[in-house]
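# fold the following and give me the result.
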Amino acid sequence: MDAIVTAGGIPEQGEPLYDFSRGEYKALLDIASKPMVQWVLDAIDDAKTIERVVLIGLPEDIDIKSQKLAAMLPTQGDMLENIRGGVKKILEINPDARHTVIVSSDIPSITGEMVDWAVNAAMQSDEDIYYNVIEKSVMEKRFPTSNRSYTFLKDIAICGADLNIIRTMTVTSNDKMWRKIIAARKNVFKQAALVGYDTLVLLLLRAITLEDAVKVVTKRLNVTGRAIVCPYAEIGMDIDKPHQLEILRADLAQKQGA
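Numbers count the residues shown, from 1 in each chain. Prediction:
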């Protein structure tokens, strides 16, 4: 399988990470003497299930390394266009690609073993979308001060992950659906329109299970999909705020020292 690493984005003045990036790309934040994105690329290099990687959002003259790097693309626009651009490049390189891993550059504590676990867990079925989720207990045991936000369902409390898998044709053939998904990511009203107000009420009342929630959402989007409960908190430990940056700087410095 191939992977797309999304690495664009420069924090603007007033945003949480601006004082750390100072006009530079977020993906290049220093983490234990390496750019943040380099940790992610190192994990992909170590993963046995990944053949190639397409990196999106950084200039070609950036000093990063990956033995699996097949292409670097500039930012294509918004998140949807970045993903679509990456998928199109993968299909250009490998026309037979059926699925691809989408991974953010801001989860530097992942390893090749974790990437392989996610790919192997997903490929037990043939779906359009595989979305990894992390149980609250798993996240808080590994990163007790991460202060993540959780969705509380009838059977489980979860947060989303930043490494997921999609069918290539799902991205290239259904622009309307993908724009709805991207637009709804952090807007509760758009989420309600996407999943339906009846489902939103069930979510708020914690009266729906994870499996049932997936069934409702995939039916409304007219796709197939599966939520995968991942045992690795690192796949969901992204860096959006200064305290998360400091947590992972300390964590990876310790790992590097060991």
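# ok, for the residue nearest in space to the middle of the chain, nearest residue in space, not its chain neighbours?
Centroid-nearest residue in the chain: Asp162, 2.1 Å away (criterion: C-alpha atoms, centre = their mean). The shortest distance from Asp162 to any non-neighbouring residue, by C-beta to C-beta, 6 or more residues apart in numbering, is to Ser104 (4.0 Å). For the C-beta atoms, the positions are set from N, CA and C on the backbone; glycine is no exception.
# number of residues surrounding Leu153?
Applying other C-beta atoms under 10 Å, we find 19 other residues in the vicinity of Leu153.
# please read the previous query as pertaining to Pro74.
Neighbours of Pro74 using other C-beta under 10 Å come to 12.
# where exactly do the strands run in the protein?
Here the chain has its strands, by DSSP state E, at 2-6, 30-31, 34-35, 52-56, 69-73, 99-104, 129-135, 151-152, 157-160, 163-167, 225-230.
# so which elements touch the fourth one?
If I follow you right, that is strand 52-56. strand 2-6, helix 36-46, strand 69-73, helix 79-93 (3 or more C-beta pairs under 8 Å, 6 or more residues apart in numbering; DSSP states H and E).
# also the second one?
In terms of contacts (3+ C-beta pairs under 8 Å, 6+ apart), strand 30-31 is packed against helix 242-257.
# any idea how far the residue nearest to Asp162 is from Gln13?
23 Å (C-beta to C-beta, to the nearest Å).
# more crowded one of those two?
Legend: neighbour count by other C-beta under 10 Å for Ser104 and Gln13, higher for Ser104 (22 against 8).
# ok, what's across the strand from that one?
Beta bridges link Ser104 to Thr6, judged by DSSP bridges.
# so what's it up against?
Each residue near Ser104 by C-beta atoms under 8 Å, 6 or more residues apart in numbering is listed here: 5-6, 40, 162-163, 238.
# now flag whichever of those residues is closest to Thr224.
Set against Thr224, the nearest of the contacts of Ser104 by C-beta to C-beta is Leu163 (19.3 Å).
# not counting sequence-adjacent ones, nearest residue to Glu24?
Of all residues not flanking Glu24 in the chain, Ile10 sits nearest, at 6.7 Å (C-beta to C-beta, 6+ apart).
# and the residue nearest to Arg148 when sequence neighbours are not counted, how many residues sit next to it?
Closest residue to Arg148 apart from its sequence neighbours, by C-beta to C-beta, 6+ apart: Cys159 at 4.7 Å. Here the number of neighbours of Cys159 (other C-beta under 10 Å) works out to 20.
# tell me the bridge partners for Cys159.
Ile134.
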